[in-house]
Every structure is written in structure tokens, then in C-alpha cells.
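S.K.: Show me the folded form of this:
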Amino acid sequence: MRIIGILSVCVLLAACGFQLRGSQSPSLAGYQINVSSPEPFGQLTRSLIHRLRQLGAELTAHKAPEQLTIELGQLQRVQRTLSVDLNGRPIEYEYSLSVPVTVSRRQQVLVRQTFVVHRVLTWDHTRAVARDTEKAQTEQEMARELADSIAEMIRIHAPTVS
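M.R.: Numbering: from 1, shown residues only. Alright, predicted model coming up:
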């Protein structure tokens, strides 16, 4: 009886489209993609190129009509104070990264979207050097998260544009 219950739950989950994370095959295999960015060697661009290669895409250096073109806009960094200590020094910040992205093919815009990532950072004023290192590491993580979101959007929309 227990086995029948487990099998029925598995069948129900499979019917709903449930998949274990990482179990998808690369779905951008065969796609030629050009990535252009105002910061071609920036963390976001490098992370996006790495993620697209993981998904099986072929990246090209020059634009061609038949390929997908991803244009990254200027990366915007916003830091906002959320709370201060008794001396009026900020101790908690909200840090945001956002980037506008345009995906086109054959000079036709397919997707135009702005991606945003937020983090709340707490600072210890006694560790000034560690604060800068932590902020840089957090920005790298946020850039990777933005790249993953952009790649996932392209993976979802790519089959519809072939």
C-alpha cells in the first residue's frame, strides 16, 4: 500500500512538470548567441557567458542575423541605508544591482526586461577592511544571480524563436 502511495505521488509530480534541480539537459544547444555589454570584462558579462556555455549555447564574437543577440545595459548599483546605530552610523544597508537586457534576432526585439537583485548587508564598524571585501564578494554573488536569471529567461524563450 505504501509503495502504491509513493508511486502515485511520483506520477502526480511528474505530470505537473516537476523536475529535480539540475536534471534538465542543456536546452540552448545549437543556438548561436552574441553577448554585448558596456563592460565586456565585467563580472556580470563573464558570469552570463559562463552560464550560457553551461546550457550548451555557442557564443560568437560578431553579430549575425540568424543568431540571438543579448544586449546588456549599464549595470546600476544602488545602496540605501536601512538602519543606524545610536551614534547615527549606518549599520544596515540594502544593496541593489539592476541591468536592462534586450534580446533580439533578425533586428527584431524579442524580450526587453530589467533584472534586479537585492541584498541586505549588516556592517560592523570595527572591521572596516572586511566590510569592503564583503561588499565585493556580495556584488560578485549578485552578478552571478543576475546572470543565472538572464540565462534562464533566454532558455525559456529560446525554443519559441527558432
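S.K.: Show me which helix runs longest in this structure.
M.R.: If you go by DSSP state H, the chain has its longest helix at helix 128-157.
S.K.: Now do the SS call for Arg112.
M.R.: Counting by DSSP: H, G, I helix; E, B strand; the rest coil, the backbone at Arg112 sits in strand.
S.K.: So what sits opposite it in the bridge?
M.R.: Using DSSP bridges, the bridge partners assigned to Arg112 are Thr102.
S.K.: Read off the pLDDT value for it.
M.R.: Here, the pLDDT recorded for Arg112 equals 93.
S.K.: same thing with Ala29?
M.R.: Here the pLDDT value assigned to Ala29 is 81.
S.K.: quick one, what contacts the closest residue to it other than its chain neighbours?
M.R.: Computed as Cβ to Cβ, 6 or more residues apart in numbering, the closest residue to Ala29 that is not its neighbour in sequence is Gly56, at 3.5 Å. The way it works is simple: take the backbone N, C-alpha and C, and place the C-beta from them, glycine included. Taking Cβ atoms under 8 Å, 6 or more residues apart in numbering, we find Gly56 in contact with Pro26, Ser27, Leu28, Ala29, Gly30, Tyr31.
S.K.: picking that back up, chain center to the longest helix of the chain: distance?
M.R.: The chain centre lies 7 Å from the centre of helix 128-157; the measure is Cα atoms, centre = their mean, to the nearest Å.
S.K.: what's the answer for stretch 40-59, then?
M.R.: Distance, centroid of stretch 40-59 to centroid of chain: 10 Å (Cα atoms, centre = their mean).
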